[in-house]
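Participant: sequence plus the predicted model coming up.
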Amino acid sequence: MQTFPLFLSLQGRRALVVGGADAAARKAELLLKAGAQVSLIAETVGGEIAHFIAEGHVSWAGCAFDDDDLEGMSLVIVATEDESVQARVSGAAQVRCIPVNVVDRPALSTFIMPAIIDRAPITIAISTAGTAPALARRIRADIERSLPAALGRLARFAEVFREQVRRTLVVPRARRRFWDRVFEGRVGELALAGDEIGARRELIRLLDNARSESPTAGMVHLVGAGPGDPDLLTLKAHRLLQRADVVVYDRLVSDEILAMARRDAERVYVGKRRANHCVPQPEINDRLVALARAGKSVVRLKGGDPFVFGRGGEEVEALVAAGVAVEVVPGVTAALGCASSAGIPLTHRDHAQACVLVTGHLKNGTVDLDWAMLSRPRQTVVIYMGAGALQHIASQLIAHGLPASTPVALIENGTTDRERRVVGTLATIDRQARQAFLSGPTLCMVGEVVGLALSRDQELSFESRMGL
Ligand code: SAH
């Protein structure tokens with residue numbers, strides 16, 4: 001974080017603006033909106049700012065800047081083009097530890113002006129730490145589009161009940177759950193639509209229900225985190241992460257996805273590596289049960305989909321046996337994520353009428369699979385956890401009838417910005433993989449469909465070679 005975000009109360013406090021033109025007028029207007037008493041320093045004034053002075057909103061002495069002008073100021077904004085004035089005011093303010101912003105001069109500023117969305121009392125400020133103000137404005141436009149204009153009305157409505165709810169629901173988790181229901185449900189809709197009486201009635205009903213609810217009803221959501229790209233998270237997963245008390249996660253879950261969890265949610269790592277189990281599965285199961293019994297809302301976050309080679313089935317069994325409520329939220333499994341990012345259609349009218357997902361995990365140094373079934377023509381075979389047994393897999397598929405020329409793709413860290421691909425055939429893939437030193441999670445895809453992506457890639461690289 002390059003700058004520290006905070007919201008400053010300027011109600012009734014004094015703020016200084018230096019500059020007499022339109023840029024100064026815009027800053028003065030913003031400060032006035034925040035309730036500040038605004039003084040202006042400029043030898044001459046024009047345009048809108050003159051109007052503010054004439055109306056008595058801004059006080060102006062009509063002389064040049066003097067260090068004493070900073071006396072009693074809570075904030076200074078310099079909006080003049082005169083570089084010597086910019087440097088002087090900035091230096092003098094910094095000596096007195098008064099926050100100062102010089103428009104478009106981050107080096108002279110101790111705070112920056114964010115792009116602002118004002119839905120009073122809700123304020124959203126966006127900063128690129130002075131690197132790209134135009135980008136901040138675009139982000140603002142994106143956020144603005146997704147916020148109802150009446151959002152401020154909803155916040156004011158909630159404020160009226162805040163104290164009553166705090167007294168009624170003393171457990172913070174119960175309060176959080178209650179407010180989630182308010183904002184997501186009918187109360188929120190009614191309040192946004194301006195029907196305060198209806199919203200009030202519905203809120204009281206919800207509060208009565210919440211009061212009589214058992215406060216210790218914990219729950220586990222088994223949530224698929226997708227293959228890595230945070231944009232591939234489902235909306236439901238995102239919502240649950242925002243509400244979780246505890247997030248129990250694996251090695252495959254990326255930091256970006258973990259960062260989407262509620263800031264003060266507890267994070268528990270139970271990752272494991274292939275031959276090096278950090279936390280044994282029964283221990284994970286026990287932990288989930290204990291957390292839910294303690295009344296926590298638990299998100300058990302798993303790479304890809306919980307039910308595809310994710311041991312989600314075992315966790316559900318353990319939770320159900322312990323009488324803990326559990327819900328499964330699917331995620332984009334690695335096969336789907338990698339297929340999309342590599343442009344490999346898993347099925348194709350002409351080349352593959354079936355797609356089989358298998359695990360290539362070694363047990364006692366060997367892979368025990370139905371090789372005859374996997375070696376059938378006109379299907380795509382996707383092998384999870386197979387990178388360590390490629391030689392064995394390729395030779396078994398050839399021995400059971402697949403041509404040695406069958407195309408194979410290895411995709412490491414699929415859908416992330418660290419994605420790498422190795423494409424070859426059953427005859428060559430093991431040697432190529434060893435040369436590539438693949439160390440991240442890697443998926444292996446075997447079948448004619450891999451060849452389709454390969455020929456397209458070749459066309460693409462041919463085009464780029466030709467400068468097209
Ligand atoms: N439940 C997960 C699979 C867990 S098994 C899912 O549905 O995707 C772990 C294996 O998944 C890894 O060894 C690798 O083969 C595969 N995998 C998971 N994420 C991957 C990714 N981003 N790129 C390539 N392979 C991945």
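Facilitator: Looks like it came in fine.
Participant: the helix or strand where residue 431 lies: how far from the chain's middle?
Facilitator: Assessed by DSSP states H and E, residue 431 sits inside helix 429-436. A distance of 35 Å separates the centroid of the chain from that of helix 429-436, by Cα atoms, centre = their mean, to the nearest Å.
Participant: using neighbour counts, pick out the buried residues of the following helix or strand past that helix.
Facilitator: Note on helix 429-436: by DSSP H and E, the next helix or strand toward the C-terminus is strand 442-446. By neighbour count with 16 or more other Cβ atoms under 10 Å, strand 442-446 contains the buried residues 442, 443, 444, 445, 446. For the C-beta atoms, the positions are set from N, CA and C on the backbone; glycine is no exception.
Participant: try stretch 245-264
Facilitator: With burial defined by 16+ other Cβ under 10 Å, the residues of stretch 245-264 counted as buried are 245-250, 252-254, 257-258, 261-262.
Participant: what about the helices in the stretch 51-200 of the chain?
Facilitator: Under the criterion DSSP state H, counting those that start in this stretch, the stretch 51-200 of the chain contains helices at 83-95, 133-146, 151-168, 172-184, 186-192, 196-212.
Participant: then the stretch 351-468 of the chain?
Facilitator: 371-374, 390-399, 429-436, 448-465.
Participant: for the shortest one, give the mean pLDDT please.
Facilitator: Okay, so that is helix 371-374. The pLDDT scores in helix 371-374 average 96.
Participant: might you calculate how far it sits from the centre of the chain?
Facilitator: Helix 371-374 sits 41 Å away from the centroid of its parent chain (Cα atoms, centre = their mean).
Participant: before we move on, back to that, just name the closest of the buried residues of strand 442-446 to the ligand, please.
Facilitator: residue 443 (3.7 Å; Cβ to the nearest ligand atom).
Participant: that closest one and residue 383 touch, don't they?
Facilitator: Yes. If you go by Cβ atoms under 8 Å, residue 443 and residue 383 touch, sitting 7.2 Å apart.
Participant: give me the common contacts of the two.
Facilitator: Counting by Cβ atoms under 8 Å, 6 or more residues apart in numbering, residue 443 and residue 383 have no common neighbour.
Participant: which of the buried residues of stretch 245-264 fall within strands?
Facilitator: Of those, the ones assigned to strands by DSSP state E are 246, 247, 248, 249.
Participant: out of the residues you listed, who's nearest the ligand?
Facilitator: Comparing those against the ligand with Cβ to the nearest ligand atom places residue 249 closest, at 12.5 Å.
Participant: who in the stretch 351-468 of the chain is up against the ligand?
Facilitator: Proximity of the stretch 351-468 of the chain to the ligand (Cβ under 6 Å from any ligand atom) is limited to residues 384, 385, 411, 413, 414, 415, 441, 442, 443.
Participant: just for the chain, where's the confidence low?
Facilitator: 214-217, 272-277, 365, 454-468 (pLDDT under 70).
Participant: could you rerun that using 50?
Facilitator: 458-468 (pLDDT under 50).
Participant: in it, what residue is nearest the ligand?
Facilitator: Nearest residue of the chain to the ligand (Cβ to the nearest ligand atom) works out as residue 304 at 1.9 Å.
Participant: quick one: contacts for that residue?
Facilitator: 224, 225, 226, 227, 252, 310, 331, 332, 333, 334, 337 are the contacts of residue 304 under Cβ under 8 Å, 6+ apart.
Participant: mind running it again at 10 Å?
Facilitator: Taking Cβ atoms under 10 Å, 6 or more residues apart in numbering, we find residue 304 in contact with 224-228, 232, 250, 252-253, 310, 330-338, 384, 441, 443.
Participant: returning to what we had before: so can I have a markdown table of the residues of the stretch 351-468 of the chain next to the ligand showing distance to residue 196?
Facilitator: Listed next are those as a markdown table, based on distance: Cβ to Cβ, whole Å:
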| residue | distance to residue 196 |
| --- | --- |
| 384 | 54 |
| 385 | 57 |
| 411 | 54 |
| 413 | 51 |
| 414 | 50 |
| 415 | 46 |
| 441 | 52 |
| 442 | 57 |
| 443 | 54 |
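Participant: could you identify the most distant pair in the residues you listed?
Facilitator: 385 and 415 (17.3 Å; Cβ to Cβ).
Participant: so which of these two has more stuff around it?
Facilitator: Counted by other Cβ atoms under 10 Å, residue 385 and residue 415 do not tie: residue 415 has more neighbours, with 23 against 19.
Participant: phi, psi for that one please.
Facilitator: With angles defined as degrees, to the nearest 10, residue 415 sits at phi 70, psi 0.
Participant: would you map out the domains in the chain?
Facilitator: Taking automatic domain parsing as the reference, the chain has its domains at 14-113, 151-212, 219-332, 335-460.
Participant: next, format those as CSV and append distance to residue 139.
Facilitator: Converted to CSV, these look like this (distance: least, Cβ to Cβ, whole Å):
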stretch, distance to residue 139
domain 14-113, 15
domain 151-212, 17
domain 219-332, 16
domain 335-460, 20
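Participant: for residue 6, which of the ones you listed is the nearest?
Facilitator: domain 14-113 (9.2 Å).
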